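Trainee: Quick one: sequence plus predicted model below, questions after.
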Amino acid sequence: NAGVTQTPKFRVLKTGQSMTLLCAQDMNHEYMYWYRQDPGMGLRLIHYSVGEGTTAKGEVPDGYNVSRLKKQNFLLGLESAAPSQTSVYFCASIPGGGKNIQYFGAGTRLSVL
Amino acid sequence: KQEVTQIPAALSVPEGENLVLNCSFTDSAIYNLQWFRQDPGKGLTSLLLIQSSQREQTSGRLNASLDKSSGRSTLYIAASQPGDSATYLCAVRKNTNAGKSTFGDGTTLTVKP
C-alpha cells in the first residue's frame, strides 16, 4: 500500500491563478481531511469528508473548495490564489468504523506570489 | 473552543536521557488523543493513539498517558536517541464522526549525541 499520496509536492502560483491539489489513499478509508500548517498556528482543518460524495467545512474553509467524487480521492481547489494561502497543505485519512488512527500524506508546499 | 497547548516549545537533551513531553487541552470531552512525530519537511507519522476510556498506551520506548479530568497527556520517551530528534505533536478529537482534530503547536526535540 502506498498510503496517502499527495500531488504535487511543490507549487508556485501567481496571485489569482487557480490550482487543484490531489490526495489519494489506497487504504479504503472513509474519512479524509485537508489541513494547512503555518508557523505558530499549528495545523488547521480546511475541509473534510465523511464518505464518498460528502464534504464539510472545517476551521478555515474560505477560499478553498473540495470534492470527493471517488472514495479514494479528495481534491482541494484554490479558485483564485492569494498570498495568504501560502502554506504547507496536508491530507489525512481515517479508516472509520471505530478505528481512528489518522494517516497523513507527505504534504504539498505552496507559495503564492 | 478546544485549545491544545504543548510545553515546552523546544527541548534539547543528551543521548540516553529519559524525557517527558506535555500536552494540555481545555475541553475534557474528547474521544481520543493522538501523538504524532513530524520530521523537517515531512508529513506526520502516528506514534500512539489513546481512546478516552484508556489511561495509557505503549509502543517500544514510548509511553503515552491520558488524564481527561485534568486535561493532560504526556509522552514519555525512554533512553532517547539522536534519531528521536523531531517535532512531536498531540491532537485531540472530539467525537467519533470524523470532524475536527485540534492540534498543538508541537515540541521540537533535539537529542544530542
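Mentor: Okay, I see it. Numbering: from 1, shown residues only, chains lettered A, B, ... in the order given.

Trainee: Can you report phi and psi for B:Pro82?
Mentor: Dihedral pair for B:Pro82: phi -50, psi -30, per degrees, to the nearest 10.

Trainee: How much space separates it from B:Thr110?
Mentor: Distance, B:Pro82 to B:Thr110, using Cβ to Cβ, to the nearest Å: 9 Å. C-beta coordinates here come from the backbone N, C-alpha and C atoms, glycine included.

Trainee: Who has more neighbours out of these two?
Mentor: B:Thr110 (13 against 10; other Cβ atoms under 10 Å in any protein chain shown).

Trainee: The residue nearest to the more buried one when sequence neighbours are not counted - how many residues pack around it?
Mentor: Using Cβ to Cβ, 6 or more residues apart in numbering or on different chains and skipping residues adjacent in sequence, the residue nearest B:Thr110 is B:Ser12, 4.4 Å away. Neighbourhood size, B:Ser12 [other Cβ under 10 Å]: 11.

Trainee: List the residues that contact the residue positioned nearest the centre of chain A.
Mentor: The residue lying closest to the centre of chain A (Cα atoms, centre = their mean) is A:Trp34, at 2.9 Å. Applying Cβ atoms under 8 Å, 6 or more residues apart in numbering or on different chains to A:Trp34 gives the contacts A:21, A:23, A:45-48, A:58, A:64, A:66, A:74, A:76, A:89-91.

Trainee: So the residue at the greatest distance from the centre of chain A versus B:Gln51, what's the distance?
Mentor: Distance from the C-alpha centroid of chain A peaks at A:Gly98, with 22.3 Å (Cα atoms, centre = their mean). Separation of A:Gly98 from B:Gln51 (Cβ to Cβ): 9 Å.

Trainee: Quick check: residues of chain B near chain A?
Mentor: B:4, B:31-32, B:34, B:36, B:41-46, B:49, B:89, B:91, B:93, B:96-101, B:103-106 (Cβ under 8 Å from any Cβ of the partner chain).

Trainee: Give me the buried entries from those.
Mentor: B:4, B:31-32, B:34, B:36, B:43-44, B:46, B:49, B:89, B:91, B:93, B:98-101, B:103-106 (16 or more other Cβ atoms under 10 Å in any protein chain shown).

Trainee: What are the contacting residues of the helix-or-strand element of chain B with minimal mean pLDDT?
Mentor: Least confident helix or strand, chain B: strand B:101-103 with a mean of 90, by mean pLDDT, DSSP states H and E. The contact list for strand B:101-103 (Cβ under 8 Å, 6+ apart) reads A:33, A:42-43, A:45, A:102, B:2-4, B:25, B:34, B:89-94.
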